[in-house]
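Enquirer: here's my sequence, what's the structure:
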Amino acid sequence: MKSRVMRGYSYKGKVEMKELANQMLNETLKLYSVKEASNLLSLSPSTIRKYISRRKIASVKIGRRVLIPYEVLAKLVRQGYRPERPKMGERKRGWSLSSQTSFFA
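Expert: Numbers count the residues shown, from 1 in each chain. Sure thing, here's the model as predicted:
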């Protein structure tokens, strides 16, 4: 099998360098994937992604991978992390009467 040349590096060599860099990052910074974090926090991966998008959990993006630092997960576990519940009256469901009346006016 031929290896493709990309900017002076062989494709195979570039993949090996990425793997090495990922291993170094994971060992020194202790980064966890969304799936690993969901197992540690006993939450679904979609919930973890939602918290990341709402900036409730700090994350690092390396390439296409979203990684969560160990320190962030440890802090959440120590604090007994529970997402904030909306206060009474903040949560809106369906249409309000005022929006319906302005629609028909």
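Enquirer: so where's the longest strand in the chain?
Expert: When the chain is parsed with DSSP state E, its longest strand is strand 65-69.
Enquirer: go through it and flag the buried ones.
Expert: V66, L67, I68, P69 (16 or more other C-beta atoms under 10 Å). Where C-beta positions appear, they are placed from N, C-alpha and C, glycine not excepted.
Enquirer: need the contact partners of that strand.
Expert: If you take C-beta atoms under 8 Å, 6 or more residues apart in numbering as the criterion, strand 65-69 is touched by 22, 25, 29-34, 37, 48-49, 52, 57-61.
Enquirer: which of those residues are buried?
Expert: L31, Y32, V34, A37, I48, R49, I52, I57, S59.
Enquirer: so after the one helix or strand the fifth one maps to, what's the next helix or strand?
Expert: Counting by DSSP states H and E, the secondary-structure element that holds I48 is helix 45-53. Scanning forward in sequence from helix 45-53 by DSSP H and E, the next helix or strand is strand 60-62.
Enquirer: nice, that's everything, thank you.
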